[in-house]
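Trainee: Please find the sequence and the predicted model below.
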Amino acid sequence: MRRAVRLSLAALGETSPNPNVGCVLVAPDGTVVGEGRTAPAGGPHAEVRALAEAGERARGATAYVTLEPCDHTGRTGPCTRALIAAGVARVVVAVRDPNPVAAGGLDTLRAAGIVVEEGVLADAARAAMIGWLTAVGRGTPYVIWKFAATLDGRSAAADGTSQWITSPEARADVHRIRAGVDAVIAGIGTVLADDPHLTVRTADGPAARQPLRVVVDGAGRIPAGANVLDGAAPTWVATAPDGGRVDLSGMLRHLYDQGVRTALLEGGPTLAGAFLAEGLVDRVVAYLAPKLLGAGPAALGAAGISTIAEALTLDVVDLAMVGPDVRLTATVKGA
């Protein structure tokens, strides 16, 4: 199951609107005979890919799957039927499927005489699929807010310069996160100030798969020559009637309806504050550089908090050095 979880993590950003599932098939003698992770939408699921690799060796094997095998026909057939037809003897599942359309697979497998176990390494599997699980449970994407700042919380100097607060290692790490989400969201202020590309780049150049770029631009001020309109990745511009404020919750619901399950918020302090004020952020990833500025814009703008008692509380889940910088990852309590 640990190997299945690693396969699940490797599929991040590739599978939406389907979940990033991992599957490992083990023969009765303990030999791994097949493994797979969910292909991009329309392609085979993790179980089917593992079965294809195993062939006849799947008969009598145990399948370790991070999510309950689906029991319905969508773009592909039910994984339960594939497991039964292959002669798999035992299925070990980490997490049940919260989607009522796809759930029920464990009952079908048991009815076919297959031994079923569930809950194995559930916490690890849930963490690997947290974006999809959260999004499906509520109908809006799982939102990660990423920001870079000095130790005194400044996102730029007093003269507005912000390149580069953090190290090349930290910036490369951001591209790793971008590669694992379905959409990258930024505000028009960031586009006008920094003209970012918001694409995924590697040491070898642009990545083959690029997330959707979303620019929150209520008044439609985006320049025609902006880098986010360069065609390197699909781009949507969210506007509002009469140049008003974009309905962020409505925007997220629309993104979910279009298949987006995870989104990375890379907007400036104003947009970040608006997202937090509406309770739309699930996870925070902060890159803190060992620098002090003493003046300049803060990393976070107004978030609807007027007293210390109203401060948003975070649960730190990871703390790591990335080059000379500190990367702090935390979840928002109650999100």
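Mentor: Now that the structure is in, tell me what you want to look at.

Trainee: What's the end-to-end length of stretch 274-289?
Mentor: Distance between the two ends of stretch 274-289: 24 Å, counting by Cα to Cα, to the nearest Å.

Trainee: Show me which residues of it are buried.
Mentor: 274-277, 280-289 (16 or more other Cβ atoms under 10 Å). In short, each C-beta sits where N, CA and C put it, glycine included.

Trainee: just these now: which is nearest T161?
Mentor: The shortest gap between T161 and any of the buried residues of stretch 274-289 belongs to A289, at 13.6 Å (Cβ to Cβ).

Trainee: tell me the contacts of that closest one?
Mentor: With contact taken as Cβ atoms under 8 Å, 6 or more residues apart in numbering, A289 is in contact with A148, A149, T150, L151, I165, T166, S167, A170, P324, D325.

Trainee: For the last one, name its beta-bridge partners.
Mentor: Note on D325: beta-bridge partners by DSSP bridges are V322.

Trainee: What about the contacts of A289, which are in strands?
Mentor: Among those, the members falling in strands (DSSP state E) are A148, A149, T150, D325.

Trainee: quick one: contacts for the third one?
Mentor: Going back to what we said before, that points to T150. Taking Cβ under 8 Å, 6+ apart, we find T150 in contact with I165, L288, A289, K291, L292, L293.

Trainee: Could you export the ones in strands among the contacts of A289 as CSV, including distance to G113 and pLDDT?
Mentor: Supplementary listing: these in CSV, determined by distance: Cβ to Cβ, whole Å; pLDDT from 0 to 100:
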residue, distance to G113, pLDDT
A148, 55, 93
A149, 57, 94
T150, 62, 93
D325, 54, 95
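
Trainee: ok, those vs G13, which is closest?
Mentor: For the ones in strands among the contacts of A289, the residue nearest G13 by Cβ to Cβ is A148; the value is 21.0 Å.

Trainee: what's the neighbour count on that closest one?
Mentor: The burial count assigned to A148 is 23, neighbours taken as other Cβ atoms under 10 Å.

Trainee: so what does the lengthiest helix in the chain touch, helix or strand wise?
Mentor: Across the chain, the helix with the greatest residue count (assigned by DSSP state H) is helix 168-179. Judged by 3 or more Cβ pairs under 8 Å, 6 or more residues apart in numbering; DSSP states H and E, helix 168-179 is in contact with strand 142-150, strand 283-289, strand 314-322, strand 325-332.

Trainee: So for T31, which of the ones you listed sits nearest?
Mentor: Between T31 and those, the tightest spacing by Cβ to Cβ is seen for strand 314-322, at 34.3 Å.
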